[in-house]
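Q: Got a sequence here, can you model it:
(one chain, ligands or ions: 1)
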Amino acid sequence: MKKILVTGGTGYIGSHTIVELLENDREVVAVDDFSNSKEDVIEKIKKITGKDFKFYNVDYLKKEKIEKIFQENEIDAVINFAGYKAVAESIKEPLKYYKNNVCGAINLLEVMQEHGVKKFVFSSSATVYGNQNCSKYTENMERGHASSPYGTTKIMIEKILEDLYFSDNTWNIAILRYFNPVGAHESGLIGENPQGIPNNLMPFIMKVANKEIDCLNIFGNDYKETKDGTCARDFLHVVDLAKGHIKALEKLDKEKNGIFVYNLGTGNPYTVQEMVETFKKVNNVDVPYKYAPRRSGDLPIFYSDPTKAKEELNWTAEKTIEDMCKDSWNFVVKNKNN
Ligand code: UFG
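A: Residues are numbered from 1 along each chain as shown. Got it, this is the predicted structure:
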């Protein structure tokens, strides 16, 4: 059977997607350089699924090494999760982001082209919509201006993929725009494990609940647009998100060629305050917090219209906010000594 190449395979979303691929009897080849993940994730994926896959410790900027993977394996499709994702860091180090995310994607696409592999799933982000003075985002809206170089890399790669398809419409591409992925696999073996002080809400809540950080700052509680004054987001369980990739691959298998864009979100926004309160309640832990000034660049409410993914991929997020909070904490508890 031809294989699915997963770049960034030991990262947060990549690892959950490999689990789903293996559970759907797909053959997997994974690549990662552990720049933001740990090696033991490989064994943990094998433990969860009881299945094996091939792994290469490779930086996807090294084109000759990617070439070698294509020579050694019969690749059917590529899912590209490799890429840096810290918004604040991207503002401080834009070149690092443009080089890694954009050049890495170009490398992959060039090697794919040379080997006649044209099926590509791209890990994009809802950040490509920018601020359009609305709260619910639909795929047919224009891309906006991203608020960070990280977001701009996603916009640039989406554009590169469109141009590539325009130049050669035998390509078969799915662009998946994620909203706010949280949670972890229910086994507690894999989850999100950012290095240092996290930027995103859920990893921060996890560190406060685990007493590694004293207190959560809730950035802004005076937003008129939301029910309790804190920002609202479309939080989405990472396992649901991973399943969206399987559905996208099935779509590409069926279509043969095209370029398809999908929002992956629940369509139901929850506020930061609701997230914190739910986390405390379902896990019976304390999460001390205080209100802090608004964080620059934050939109009051930001959520998906998930209709297109439902209609065309037959995908809907199924897990609840309680599942997201429970599974995130379970991952912390199970990994306390690591
Ligand atoms: N927040 C806090 N305290 C924190 C961290 C976050 O109150 O310590 C708040 C933020 O102000 C925001 C909400 O929690 O209102 C969510 O913030 P995140 O940083 O978790 O997520 P964002 O919505 O800002 O960003 C996410 C992804 C980005 C992506 C963006 C747009 O992390 O990669 O959505 O899709 F670009």
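
Q: Pretty sure Val102 sits against Ile155.
A: No: the pair Val102 / Ile155 is not scored as a contact, 10.2 Å apart, by C-beta atoms under 8 Å. Heads up, the C-betas are built off the backbone N, CA and C, glycines and all.

Q: how far is the helix or strand bottoming out on mean pLDDT in the chain from where the chain is centred?
A: Every helix and strand in the chain was compared by mean pLDDT, DSSP states H and E; the lowest is helix 87-92, with a mean of 92. On the basis of C-alpha atoms, centre = their mean, to the nearest Å, helix 87-92 sits 17 Å off its chain's mean C-alpha point.

Q: so what does it touch, helix or strand wise?
A: Helices and strands touching helix 87-92, by 3 or more C-beta pairs under 8 Å, 6 or more residues apart in numbering; DSSP states H and E, are helix 94-97, helix 149-167.

Q: Quick check: buried residues in that helix?
A: The neighbour-count check on helix 87-92 (16 or more other C-beta atoms under 10 Å) flags Val87, Glu89, Ser90 as buried.

Q: restrict those residues to those near the ligand?
A: Val87 (C-beta under 6 Å from any ligand atom).

Q: which one of the buried residues of helix 87-92 is nearest Ala184?
A: Closest approach to Ala184 among these (C-beta to C-beta): Val87, at 21.1 Å.

Q: surely the closest one meets Asn199?
A: Yes: Val87 is in contact with Asn199 according to C-beta under 8 Å; the separation is 6.1 Å.

Q: residue ranges with poor pLDDT in the chain?
A: 337-338 (pLDDT under 70).

Q: So which residues of it form helices?
A: With DSSP state H, the ranges of helices along the chain come out as 12-23, 40-49, 63-72, 87-92, 94-97, 104-114, 149-167, 201-209, 238-255, 272-283, 307-308, 321-334.

Q: Comparing these, which comes out most buried?
A: helix 12-23 (a mean of 25; mean count of other C-beta atoms under 10 Å).

Q: Which residues outside it are in contact with it?
A: Residues outside helix 12-23 that contact it (C-beta atoms under 8 Å, 6 or more residues apart in numbering): 4, 6-9, 28, 30, 32, 37, 41, 44-45, 48-49, 51, 53, 79, 81-82, 123, 178, 181, 185, 190-193, 238-239, 241-243, 245-246.

Q: check contacts around Val333.
A: Counting by C-beta under 8 Å, 6+ apart, Val333 touches Gly188.

Q: where does the stretch 101-250 of the chain come near the ligand, residue by residue?
A: Counting by C-beta under 6 Å from any ligand atom, the stretch 101-250 of the chain comes close to the ligand at 125-127, 151, 180, 199-201, 204, 216-219, 231, 233.

Q: so which of the residues you listed would you say is closest to Tyr291?
A: Using C-beta to C-beta, these come closest to Tyr291 at Ile218, 5.3 Å.

Q: My read is that that closest one contacts Gln273, right?
A: Yes: the pair Ile218 and Gln273 passes the contact test of C-beta under 8 Å, sitting 6.7 Å apart.

Q: Between these two, which contacts overlap?
A: In terms of C-beta under 8 Å, 6+ apart, Ile218 and Gln273 are both contacted by the residues Thr230.

Q: Can you name the residue of the stretch 1-150 of the chain nearest to the ligand?
A: Closest to the ligand within the stretch 1-150 of the chain is Thr127: 3.0 Å, counting by C-beta to the nearest ligand atom.

Q: any idea how far that residue is from Glu74?
A: For Thr127, the distance to Glu74 (C-beta to C-beta, to the nearest Å) stands at 35 Å.

Q: Out of these two, name the residue with the larger neighbour count.
A: Neighbour totals were compared for Thr127 and Glu74, and Thr127 leads with 23 against 12 (other C-beta atoms under 10 Å).

Q: Hmm, Tyr150 and that one touching each other?
A: Yes: counting by C-beta under 8 Å, Tyr150 is a contact partner of Thr127 at 7.3 Å.

Q: if I read this right, Leu241 contacts Tyr178, doesn't it?
A: Yes: Leu241 is within contact range of Tyr178, at 6.2 Å (criterion: C-beta under 8 Å).

Q: what do these two both touch?
A: Joint contacts of Leu241 and Tyr178 (C-beta under 8 Å, 6+ apart) are Ile13, Leu264.
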